[in-house]
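Trainee: structure of the sequence below:
(one chain, ligands or ions: 1)
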Amino acid sequence: MMSELVELSNHDGVGVITVENPPVNALSSMVLNLLERCLLAGEKDPAIQALVLIGGGRTFIAGADINEFLEVLAGRRALADLHPFLARMEDCSKPIVAAIHGSALGGGLELAMAAHYRVATSDAQVGQPETRLGIIPGAGGTQRLPRLVGVVKAAEMCALGSPLKASAAFELGILDEIITGDLLAGAIAFAKKKARQGAQHPKTRERNDKLGSAESNASALAALRGEVRKSRKNLNAPLAAVDAVEAAALLPFDEGCRNERKIFDQCLFSLEARALIHAFFAERAVTKIPGLQKAAPVASVQQAAIVGAGTMGAGIAMCFANAGIPVRLTDQDPSALERGMKNIRQNYDNSVKRGRISAEVSEHRQGLIRPQPDHDGFENADIIVEAVFENLALKKQIFAAFDAVAKAGCVLASNTSTLSIDEIALAVSRPARVVGLHFFSPANVMRLVEVVRGQATGSDVIASSMALAKRLGKVGVLVGNCFGFVGNRMMFPYMREAQFLVEEGATPEQVDAVLTDFGMAMGIFAVDDMAGIDVAWRVRQEFRHLEQPGVRKPLVADQLYAMNRLGQKTGKGWYRYGEDRKPVPDPEVHSLIEETARKAGIPRRRISNEEIIERTIFAMINEGVRILDEGYALRAGDIDTIYLNGYGFPNYRGGPMWYADTVGLRTISTRIKEYQRAHGKLWEPAALLERLIAEGRTLSSWDEQKQ
Ligand code: 3H9
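Mentor: From the prediction side, this is the model:
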């Protein structure tokens with residue numbers, strides 16, 4: 001039986017059902033219909049004794065088709081109910097074997113759990129990642145998984161969403177066999193064996209032996225809820241998933257499924273799910289760059305080199321090594337190089353201690369990083385990254401040196417966070433090879449890389465940089481070459497307003513607490529202390545010439561710098577720090593702020609939490625909209641991806657642009673205009689904001705128009 005998406009074929013008495021819905025075999029309604037038809041046909045066919053369900057292409061089934069959720073949310077379709085189909089599968093008189101390679105995620109795993117048996121390749125992964133989309137498993141996952149692995153483990157898997165490797169899934173009883181060699185052949189042999197054995201084939205829904213009781217699960221579930229509240233702060237779906245799984249031990253299977261469906265529906269229609277689904281697609285859309293052909297061949301990086309062994313350079317070196325790319329690391333200061341290598345060693349040692357990697361892997365990766373005093377071997381590098389501190393003259397000097405040594409096809413990248421790529425490119429004879437690769441600290445951890453396109457940057461260099469970001473396990477987002485690029489440019493007004501607020505009467509700890517309650521990973525003053533007050537000071541020195549007379553500027557940070565309160569590194573900044581590096585409010589800073597405000601004639605008043613959010617987040621949004629209008633970001637979703645992956649913006653708010661749409665552009669504009677009346681020029685509303693409001697549109701619709 002043939003169709004484009006699902007095919008049933010007879011392999012020596014075993015009916016093989018292949019799902020072929022690229023790229024990830026998502027379970028669309030169409031796929032489900034066809035699957036059902038193939039199953040019925042296979043069950044009826046006397047020439048077939050058993051069935052194997054397998055994915056074509058690179059994976060098994062990565063879940064329900066998330067696009068269809070968007071249609072459900074838009075009211076264009078009803079949500080499919082998979083339960084009857086999955087129950088029919090379980091009731092099939094012939095054994096069904098799910099043969100898994102790549103990923104069996106979400107609905108993919110739920111489908112596999114309704115098969116009688118599951119086999120997989122050793123590199124496959126399985127999981128219920130739905131909470132990452134703000135929903136819970138909706139096709140029996142919260143009821144079948146606990147029947148295979150127990151309530152507590154299932155609750156953990158459904159709440160946290162992390163996939164399991166095949167070996168762990170086998171240990172836990174999700175998989176019945178790991179197939180070495182050809183998966184299909186192994187699965188067919190397995191299916192034949194089961195058909196020969198006859199007897200009853202196990203129905204997951206009828207297995208109750210691992211469920212335990214409400215009492216036996218209670219304390220572990222309470223601990224899990226505690227962990228979830230901390231690690232998934234302000235999120236609803238992970239806790240809802242625990243509730244749904246817990247019910248498996250309390251309710252009969254069908255009732256548990258009805259309960260699951262009720263919770264699923266509540267989650268799907270939440271702001272959280274809409275924001276997280278937006279974030280999912282926005283992250284994937286960043287790779288779609290007009291003018292860059294997807295199929296254009298991109299030379300793969302075999303060797304890399306880095307200049308500058310400070311925190312950034314050392315972190316970037318680790319990124320290359322973690323991806324298996326040999327990297328040379330140099331620094332003009334031998335002691336800096338030594339410190340950089342020590343940091344790298346410590347980082348890897350910590351990873352081994354925490355059990356993240358084995359000692360062998362750590363050794364291997366460290367072996368890929370070669371410290372050296374000079375540019376020896378740089379002529380073989382496919383990419384050279386400059387990662388010295390923010391000083392234009394120094395960077396130009398380094399690029400001139402790259403120009404002399406690099407081979408023709410080499411990408412010349414700067415890790416600058418604020419300086420002009422065009423200016424830097426003036427230092428070389430081949431500006432088309434120059435690009436910005438703005439990593440975020442700590443570079444080996446943070447997922448974001450802003451790929452900065454200069455005026456002369458070649459399309460192939462952009463394509464290579466985007467491909468490299470992916471290979472390093474990062475999210476590369478293309479941005480234009482403006483001051484601060486996208487992320488930092490939006491940080492400036494955010495930081496500026498935070499400082500104004502303390503001058504006007506708030507405290508750093510009040511501002512930070514309001515921002516973390518809003519969901520930011522860290523408060524802005526704690527971030528400044530972590531990054532270093534001197535780092536921001538240095539950037540200000542580079543751009544003093546841009547300051548406009550008569551325009552208000554923050555007054556305290558420069559004084560902290562002068563007092564050598566450089567943040568965490570000196571134990572004092574906006575806060576004081578003890579051994580544990582936790583920020584402690586400092587009366588000395590309060591006095592400094594009050595004294596500064598007094599001298600500048602800034603009246604102090606009680607600042608409301610609401611004002612803190614509006615002044616900081618709305619200022620950031622206003623700048624983001626301006627960036628969009630000026631074309632320095634391709635889409636509002638790109639800005640969101642930057643903020644979710646590099647700036648600790650809460651994912652359940654979808655990013656600053658998505659959040660702006662949920663607040664309402666008109667509301668934001670009204671408040672911005674009020675602040676403009678109170679604070680002047682710095683609060684001019686972005687022109688695009690006003691245009692969108694006039695046209696009754698949103699920032700999302702701005703993106704849709706560009707698709
Ligand atoms: C669910 O199952 C609910 C159930 O409980 C049932 C309820 C009733 N749908 O990530 P990539 C697209 S919820 C639609 O770059 P990778 C993606 O947009 C679902 N599209 O590949 C992209 O498209 P494009 C639970 C999907 O190799 C392309 O595939 N499952 C889906 O780096 C490639 O994606 C999940 O949450 C989908 N489900 O990683 C798993 N998945 O090329 C979500 C992917 O046009 N997916 N696409 O930009 C993933 O985690 C990764 O895609 C995966 C592959 C690990 C599978």
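
Trainee: in the stretch 201-350 of the chain, what residue comes closest to the ligand?
Mentor: Arg284 (3.8 Å; Cβ to the nearest ligand atom). Where you see a C-beta, it was placed from the backbone N, CA and C, and this is true even at glycine.

Trainee: what about that residue, neighbour count?
Mentor: Neighbour count of Arg284, defined by other Cβ atoms under 10 Å: 12.

Trainee: element containing it, please.
Mentor: helix 271-285 (DSSP states H and E).

Trainee: with Ile593 instead?
Mentor: helix 587-600.

Trainee: verify the stated contact: Ala78 with Val72.
Mentor: Yes. Using Cβ atoms under 8 Å, Ala78 is in contact with Val72, at 7.0 Å.

Trainee: higher neighbour count, these two?
Mentor: More neighbours surround Val72 than the other of Ala78 and Val72, with 15 against 9 (other Cβ under 10 Å).

Trainee: excluding chain neighbours, give the residue nearest to the more buried one in space.
Mentor: Nearest residue to Val72, sequence neighbours excluded (Cβ to Cβ, 6 or more residues apart in numbering): Leu79, at 4.9 Å.

Trainee: elements contacting the helix holding Arg284?
Mentor: Helices and strands touching helix 271-285, by 3 or more Cβ pairs under 8 Å, 6 or more residues apart in numbering; DSSP states H and E, are helix 66-73, helix 636-646, helix 656-663.

Trainee: so which of those helices comes closest to Ala273?
Mentor: Taking Cβ to Cβ, helix 66-73 is the member of the helices and strands packed on helix 271-285 nearest to Ala273, at 7.7 Å.

Trainee: who's in contact with Val242?
Mentor: If a contact means Cβ atoms under 8 Å, 6 or more residues apart in numbering, then Val242 has 155, 158-159, 221, 224-225, 228 as its contacts.

Trainee: report the closest residue of the stretch 101-250 of the chain relative to the ligand.
Mentor: The nearest approach of the stretch 101-250 of the chain to the ligand comes at Gly106, 2.4 Å away (Cβ to the nearest ligand atom).

Trainee: contacting residues for the closest residue to that residue other than its chain neighbours?
Mentor: Once flanking residues are discounted, Gly106 sits nearest to Gly63: 3.0 Å by Cβ to Cβ, 6+ apart. Counting by Cβ under 8 Å, 6+ apart, Gly63 makes contact with 24, 26-27, 105-108, 129-130.

Trainee: same question for the lengthiest helix in the chain: list its buried residues.
Mentor: Criterion DSSP state H: the longest helix present in the chain is helix 334-353. For helix 334-353, the neighbour count (16 or more other Cβ atoms under 10 Å) marks 336-337, 339-341, 343-344, 347-348, 351-352 as buried.

Trainee: dump those into a markdown table; add distance to Gly487 and pLDDT as well.
Mentor: Listed next are the buried residues of helix 334-353 as a markdown table, based on distance: Cβ to Cβ, whole Å; pLDDT from 0 to 100:
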| residue | distance to Gly487 | pLDDT |
| --- | --- | --- |
| Ala336 | 26 | 95 |
| Leu337 | 28 | 97 |
| Arg339 | 27 | 96 |
| Gly340 | 24 | 96 |
| Met341 | 29 | 97 |
| Asn343 | 24 | 95 |
| Ile344 | 25 | 97 |
| Asn347 | 24 | 96 |
| Tyr348 | 28 | 97 |
| Ser351 | 26 | 95 |
| Val352 | 32 | 96 |
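
Trainee: of the helices and strands packed on helix 271-285, which stretch is the most buried?
Mentor: Of all the helices and strands packed on helix 271-285, helix 636-646 has the most neighbours on average by mean count of other Cβ atoms under 10 Å, namely a mean of 28.

Trainee: what packs against that helix?
Mentor: Contact partners of helix 636-646 among helices and strands, from 3+ Cβ pairs under 8 Å, 6+ apart: helix 271-285, strand 448-453, strand 475-480, helix 487-504, helix 619-630, helix 656-663, helix 699-706.

Trainee: what do you get if the cut-off is 7 Å, keeping everything else the same?
Mentor: Helix 636-646 sits against helix 271-285, strand 448-453, strand 475-480, helix 619-630, helix 656-663, helix 699-706, with contacts defined as 3 or more Cβ pairs under 7 Å, 6 or more residues apart in numbering; DSSP states H and E.

Trainee: burial check on the residue in the stretch 451-600 of the chain that the ligand sits nearest to, number of neighbours?
Mentor: The ligand sits closest to Lys470 of the stretch 451-600 of the chain, with a gap of 7.9 Å, by Cβ to the nearest ligand atom. Neighbourhood size, Lys470 [other Cβ under 10 Å]: 15.

Trainee: ok, the one 3 residues further on next?
Mentor: A count of neighbours around Gly473, defined by other Cβ under 10 Å, yields 11.

Trainee: go through the helices and strands packed on helix 636-646 and pick out the most buried.
Mentor: Highest mean neighbour count of the helices and strands packed on helix 636-646: strand 448-453, a mean of 26 (counted as mean count of other Cβ under 10 Å).

Trainee: sheet partners, orientation included, of it?
Mentor: Counting by DSSP bridges, the strands paired with strand 448-453 are strand 434-439 (antiparallel), strand 475-480 (parallel).

Trainee: angle of the helix or strand following that strand against strand 475-480?
Mentor: Moving toward the C-terminus from strand 448-453, the next helix or strand (DSSP H and E) is helix 459-471. With axes from the mean of the first three to the mean of the last three Cα atoms, to 10 degrees applied, the angle from helix 459-471 to strand 475-480 works out at 150 degrees.

Trainee: which positions in this protein make contact with the ligand?
Mentor: Contact residues (Cβ under 6 Å from any ligand atom) of the chain with the ligand: 23-24, 26, 62-67, 82, 103, 105-107, 110, 129-130, 133, 137-139, 141, 284.

Trainee: tell me which of those residues fall in helices.
Mentor: 66-67, 107, 110, 141, 284.

Trainee: residue of the stretch 551-700 of the chain closest to the ligand, please.
Mentor: Here the stretch 551-700 of the chain gets closest to the ligand at one residue, Gly637, 11.8 Å apart by Cβ to the nearest ligand atom.

Trainee: let me see the confidence value for the nearest residue to that residue once chain neighbours are set aside.
Mentor: Nearest residue to Gly637 in three dimensions, chain neighbours excluded: Ala282, at 3.3 Å (Cβ to Cβ, 6+ apart). Looking at Ala282, its pLDDT is 97.

Trainee: roughly how far does Ala282 sit from Ala467?
Mentor: 19 Å (Cβ to Cβ, to the nearest Å).

Trainee: residues contacting the residue of the stretch 451-600 of the chain closest to the ligand?
Mentor: Shown in contact with Lys470 (Cβ atoms under 7 Å, 6 or more residues apart in numbering): Gly476.

Trainee: distance of it from Tyr643?
Mentor: Here Lys470 is placed at a distance of 20 Å from Tyr643 (Cβ to Cβ).

Trainee: in stretch 187-206, what's buried?
Mentor: 187-192, 194-195, 201-205.

Trainee: between these, which sits nearest Gln49?
Mentor: Nearest member of the buried residues of stretch 187-206 to Gln49, counting by Cβ to Cβ, is Ala195, at 4.1 Å.

Trainee: the closest one should be in a helix, yeah?
Mentor: Yes. With DSSP: H, G, I helix; E, B strand; the rest coil as the criterion, Ala195 is part of a helix.

Trainee: give the contact list for Val97.
Mentor: Val97 neighbours (Cβ under 7 Å, 6+ apart): 50, 52, 115, 117, 119, 187, 190-191.

Trainee: in helices only, show me these.
Mentor: Among the contacts of Val97, the residues falling in helices (DSSP H) are 187, 190-191.

Trainee: could you grab the helix/strand/coil label for the residue sitting furthest away from the middle of the chain?
Mentor: In the chain, Pro46 marks the outermost C-alpha relative to the chain mean, sitting 48.9 Å out by Cα atoms, centre = their mean. Following three-state DSSP, we place Pro46 in the coil state.
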